[in-house]
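let me see the structure of the following:
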Amino acid sequence: MHVRDALLQRKSVRAFLDRPVERALIERLLDLARHAPSGANTQPWQVAVVGGKIKLRLQRAMEQRFRTGRRGQMDYRYYPETWFSPYRERRMACGMQLYSALAIERDDRQGRLEQWAANYRAFDAPVALFFFLDAGLETGSFVDFGMFLQSLMLAAVEEGLATCPQAALAEYPEIVKQTLGYPDDCILLCGMALGYEDDAHPANNYRTPREDVHTFARFFDVPDSAGE
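Sure, this is the predicted structure:
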């Protein structure tokens, strides 16, 4: 598979088949992703691969906490406190696409709550991955981790697997750390659902748009063609 094909095929999948993912395959993905670059070769990534009974116990604890109305607090601020253009509009359009695909109306509060609760089950994927950073590291390691995550997701595409990177899986860091035995002072960066896509599910039958290159890129003294 060409890299360009993997980039175009990758998407956030929110419905998975009830089909296990073998440990050897997950190890192969991580073995590829570990070649991602990092500042001064620090390789800051720490990964917990969770399935089976431990995943069930963990997701039940998070979903139960969510349903009590107690929203979690991540170890860092992922989104801005106040949204502004053009990010506000892109965020709203993203949510509208999902709810439209699932035929959840704007005033269907219960339907929206149930869909959000699915986040804490990693959308019922057979595997959930949790990504941690040492607390003493700085913002550059977040950049490094992003390259690791993208490498992992592209490797998954080549193996016929689907993923969904999830900030929601890091909303209850104390539950995750206590369940998995990670220290309280480490940073839970995010999670990721991993499994085989249910391509018949409506949640997977749309694609979010991407901005054209010329809306975000500026070129300085770069020739239009060779020799100019």
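
burial measure for Asp108, as a count.
14 (other CB atoms under 10 Å). (Each C-beta comes from the backbone N, C-alpha and C, glycine too.)

go through the chain and flag its longest helix.
helix 139-158 (DSSP state H).

next, the buried residues of that helix.
141, 144-145, 148-149, 151-157 (16 or more other CB atoms under 10 Å).

and the contacts of the helix or strand following it?
Later in the chain than helix 139-158, the nearest helix or strand by DSSP states H and E is strand 162-166. Strand 162-166 is contacted by residues 10-14, 16, 119, 122-123, 125, 149, 152-153, 156, 190-197 when judged by CB atoms under 8 Å, 6 or more residues apart in numbering.

which of these fall in strands?
190-195 (DSSP state E).

quick check: chain neighbours aside, which residue is closest to Leu149?
Pro165 (6.0 Å; CB to CB, 6 or more residues apart in numbering).

ditto for Met147
Spatial nearest neighbour of Met147, excluding adjacent residues (CB to CB, 6+ apart): Ala36 at 4.4 Å.

with Val3 as the reference, measure out to that neighbour.
13 Å (CB to CB, to the nearest Å).

what are the buried residues along stretch 130-137?
130-133, 137.

show residues contacting it.
Contact partners of stretch 130-137, identified using CB under 8 Å, 6+ apart, comprise 42, 44-48, 50, 141-142, 145, 149, 169-170, 176, 180, 182, 185-192.

count residues in the vicinity of Tyr57, would you?
Residue 57: Arg, not Tyr. Neighbours of Arg57 (other CB under 10 Å): 12.

now the one 3 residues further on
Arg60 has 12 neighbouring residues, counting by other CB under 10 Å.

can I assume Val50 sits in a strand?
Yes - assessed with DSSP: H, G, I helix; E, B strand; the rest coil, Val50 lies in a strand.

the residue nearest to Met147 falls within a strand, correct?
No - counting by three-state DSSP, Ala36 falls outside a strand, being coil.

that one touches Val143, doesn't it?
No - contact criterion CB atoms under 8 Å: Ala36 and Val143 do not qualify, at 10.8 Å.

more crowded one of Ala36 and Val3?
Taking neighbours as other CB under 10 Å, Ala36 and Val3 compare with Ala36 leading, 17 against 10.

ok so, going back, what sits against the residue nearest to Met147?
45, 144, 147-148, 150-151.

residues in contact with Gly39?
140-141, 143-144.

next: Val50.
Counting by CB under 8 Å, 6+ apart, Val50 makes contact with 58, 127-130, 180.

10 Å instead?
56-59, 122, 127-130, 169, 176, 179-180, 191, 194 (CB atoms under 10 Å, 6 or more residues apart in numbering).

repeat that for Ala101.
14, 201-206.

ok, and the most crowded of those?
Arg14 (25 neighbours).

what about that residue, distance to Phe132?
For Arg14 relative to Phe132 (CB to CB), the value is 24 Å.

tell me where the protein has helices.
Taking DSSP H, the helices of the chain run over residues 3-9, 23-33, 52-67, 87-101, 109-117, 139-158, 173-180, 213-216.

export the shortest one as PDB, just CAs?
Coordinates of the C-alpha atoms in helix 213-216 are reproduced here as PDB (Å, rounded to 0.1, in the frame of the first residue of the first chain):
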ATOM      1  CA  VAL A 213      -4.200  23.400   0.600                       C
ATOM      2  CA  HIS A 214      -4.400  27.000  -0.400                       C
ATOM      3  CA  THR A 215      -6.600  27.900   2.600                       C
ATOM      4  CA  PHE A 216      -3.800  27.000   5.100                       C
END
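
I appreciate the help and will end here.
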